[in-house]
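Undergrad: Here you go, sequence then predicted model.
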Amino acid sequence: DANLIYQPGTVSADFDGVGVSPTGDETGTGFSFLTAQLLPTQVLTVTYDVQLSPSAAAAEAYPNTATVAYDTVLDGDPNSPTARDDTDMDTHALSANPTVSKAVLSTNAGGDNADQFDPSLQDLTVGEEVTYSFKITLPEIAFDSVVLSDVLPSGLDFVSASVASVGTGITGASAPTISNSGATTTFDFGAVSNASDGSIGADDEIVVTLVARVANTAAVVEGAVLTNTATLNTTPAGQSPLDPQSDTAAVEIVEPDLAVLKEGNIAVNPGDTVTYTLSIPNTGTGTAYDVLIEDTLASPFLSYNGGSFVAVLDGIDISGSLVVNTTDTGFNVLVPQIPAGETLEITYTATLGVDAPEANSFPNTATVEFDTTPDGDPNSPMARAGDVTDTYAVATVPFLEKIPTSTDFSTDSDQGDPALFDVNIGETVT
């Protein structure tokens, strides 16, 4: 096979353990040499080295064939015309190393893809679970040991691991010992055999999965890249261990960043309707989940008008999909998510009581709570939570009151209407 590169000068031979110095021809693809005789019961052992081409496909088998020609006459020709000759041959296949490949299979949130920072990496938020897939490809030989280990980086916590599939050509791999200690998870398959069918494909593959959760730790910051490494150690039957094979998979961290701006009428008359607007932009890199909005109309002169609530997310009215809970002092509503770069705008109305004092202001506060996992709880214990507030005050219109306070002659108010000052013509009134 062209992928087997003969190494010149490496041929050695011995008769029953006694070394000899063979002479012969070496070519780019192998060698040949002639030995005078091989007596009954004698064993000739020949060893030599080959190199597997760096471009050889992984896990494939590369055969080479040795041929022995001999006859019954000692004349230096293994095919003497006067002798009885014979040949024998044997083929041995050299298998390339097994391989392991690792990739992100899925996440349990799904709101964030790979559109932030490095577009080749999966985006994850704190508390999100990510499933990795590992594919082991075995050459078609027997193994004394097959062990896969995976080391999670700081910021990822182990959740679970399992075998997803075992190729039809592989026996002994369906029930490995799976163990976890800290950041390291090990799949110990023990002795495994892979039957030969002459080609490497899905029947030669073992697929396992591992689920990890993004931890709420100091190492997990926006833009951080978390890389974990899988290493495959194998020992062919009756041989020394092969070189370890490894692969890595990286993810990056994104985070939401919400703000809230509350606006409304500047001033109204007692008994009028007040229109409020809440603008809640997500200027972060990750989706904000379980966004709980609560507006507290703390003033006894303000009352929320049920049915006035309208919510628009990134230009789309989502009011019909939300449940607005009216409280004694206002309302609250849970919005499933605000994706990165989008803005939620809420409008509603309240009524200012007819008995509201003039020239007064009446504040109320909007509070927004959110976190990084979609489980209906804005303060999920596995997530990173946040909250923002804004307060806005509406005022009653100013009023003007004008009254006389004095006159030049201090005239009493005992004539005509007693509520009015009495003044004479030419008298000055203040």
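TA: Great, that's in hand. Residues are numbered from 1 along each chain as shown.
Undergrad: For the residue nearest to Ala215 when sequence neighbours are not counted, give the beta-bridge partners.
TA: For Ala215, the nearest residue in space outside its immediate sequence neighbours is Asp157; the separation is 4.9 Å by C-beta to C-beta, 6 or more residues apart in numbering. All C-beta spots, glycine's among them, are computed from the backbone N, C-alpha and C. Partner residues in beta bridges with Asp157, using DSSP bridges, are Arg213.
Undergrad: which residues touch Asp157?
TA: For Asp157, the contacting residues are 212-215, by C-beta atoms under 8 Å, 6 or more residues apart in numbering.
Undergrad: just those now: which is nearest Ala224?
TA: Checking the contacts of Asp157 against Ala224 by C-beta to C-beta gives Val214 as the nearest, at 9.8 Å.
Undergrad: I'd assumed Pro153 was in contact with that closest one.
TA: No. Val214 sits out of contact with Pro153 when judged by C-beta atoms under 8 Å, with a separation of 10.8 Å.
Undergrad: When the two are compared, which one has more neighbours?
TA: Applying other C-beta atoms under 10 Å to Val214 and Pro153 shows that Val214 carries more neighbours, namely 27 against 17.
Undergrad: re the thing from before, what pLDDT does the model give the residue nearest to Ala215?
TA: Here, the pLDDT recorded for Asp157 equals 97.
Undergrad: what's the answer for Val73, then?
TA: Per-residue confidence (pLDDT) for Val73: 89.
Undergrad: wait, it sits on Asn79?
TA: No. In terms of C-beta under 8 Å, Val73 does not count as a neighbour of Asn79; the distance is 9.9 Å.
Undergrad: Let me see the contact set for Ala224.
TA: Contacts of Ala224 were listed using C-beta under 8 Å, 6+ apart, and they are 155, 252-253.
Undergrad: Sort out for me which of those are in strands.
TA: By the criterion of DSSP state E, membership of these in strands covers 252-253.
Undergrad: quick one: low-confidence parts of the stretch 301-430 of the chain?
TA: Regions of the stretch 301-430 of the chain meeting the criterion pLDDT under 70 cover residues 398-400, 410-412.
Undergrad: In it, what residue spans correspond to strands?
TA: Counting by DSSP state E, counting those that start in this stretch, the stretch 301-430 of the chain forms strands over residues 302-304, 310-313, 316-317, 324-327, 330-338, 343-352, 361-371, 386-396, given from the N-terminal end onward.
Undergrad: Of all the ones you listed, which one is nearest Ala2?
TA: Distances from Ala2 to each of the strands of the stretch 301-430 of the chain were compared by C-beta to C-beta, and the smallest falls on strand 330-338, at 56.5 Å.
Undergrad: Neighbouring strands - and their directions - for that closest one?
TA: Each strand pairing with strand 330-338, determined using DSSP bridges, is listed with its direction: strand 288-296 (antiparallel), strand 324-327 (antiparallel).
Undergrad: ok, back up a step: now tabulate the contacts of Ala224 in CSV and tack on distance to Thr87.
TA: What follows is those, written out as CSV (distance: C-beta to C-beta, whole Å):
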residue, distance to Thr87
Gly155, 64
Glu252, 63
Ile253, 67
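Undergrad: Most neighbours among the contacts of Ala224, which one is it?
TA: The member of the contacts of Ala224 surrounded by the most neighbours (other C-beta under 10 Å) is Ile253, with 26 neighbours in all.
Undergrad: Need the phi and psi values for the closest residue to that residue other than its chain neighbours.
TA: The spatially closest residue to Ile253, leaving aside those adjacent along the chain, is Ala224, at 4.5 Å (C-beta to C-beta, 6+ apart). Comment: the main-chain dihedrals of Ala224 come out as phi -70, psi 140, following degrees, to the nearest 10.
Undergrad: re the thing from before, distance to Ala195 and mean neighbour count added to the strands of the stretch 301-430 of the chain, as a markdown table?
TA: Rendered in a markdown table, the data for those read as follows (distance: least, C-beta to C-beta, whole Å; neighbours: other C-beta atoms under 10 Å):
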| stretch | distance to Ala195 | mean neighbour count |
| --- | --- | --- |
| strand 302-304 | 73 | 20 |
| strand 310-313 | 56 | 18 |
| strand 316-317 | 56 | 9 |
| strand 324-327 | 63 | 14 |
| strand 330-338 | 50 | 19 |
| strand 343-352 | 59 | 21 |
| strand 361-371 | 51 | 20 |
| strand 386-396 | 56 | 17 |
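Undergrad: will you turn these into CSV that also has distance to Ile425?
TA: Rendered in CSV, the data for the strands of the stretch 301-430 of the chain read as follows (distance: least, C-beta to C-beta, whole Å):
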stretch, distance to Ile425
strand 302-304, 52
strand 310-313, 63
strand 316-317, 69
strand 324-327, 64
strand 330-338, 60
strand 343-352, 46
strand 361-371, 46
strand 386-396, 40
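Undergrad: just so I know, which of these lies nearest Thr184?
TA: Smallest distance to Thr184 across these (C-beta to C-beta): 29.3 Å, for strand 361-371.
Undergrad: could you give the angle of that closest one to strand 330-338?
TA: Using axes from the mean of the first three to the mean of the last three C-alpha atoms, to 10 degrees, the inter-axis angle of strand 361-371 relative to strand 330-338 is 30 degrees.
Undergrad: Against which helices or strands is strand 361-371 packed?
TA: Applying 3 or more C-beta pairs under 8 Å, 6 or more residues apart in numbering; DSSP states H and E, one finds that strand 361-371 makes contact with strand 273-281, strand 288-296, strand 386-396.
Undergrad: And the residue nearest to Thr27 when sequence neighbours are not counted, how far from Thr87?
TA: Spatial nearest neighbour of Thr27, excluding adjacent residues (C-beta to C-beta, 6+ apart): Tyr6 at 7.7 Å. With the distance defined as C-beta to C-beta, to the nearest Å, Tyr6 ends up 21 Å from Thr87.
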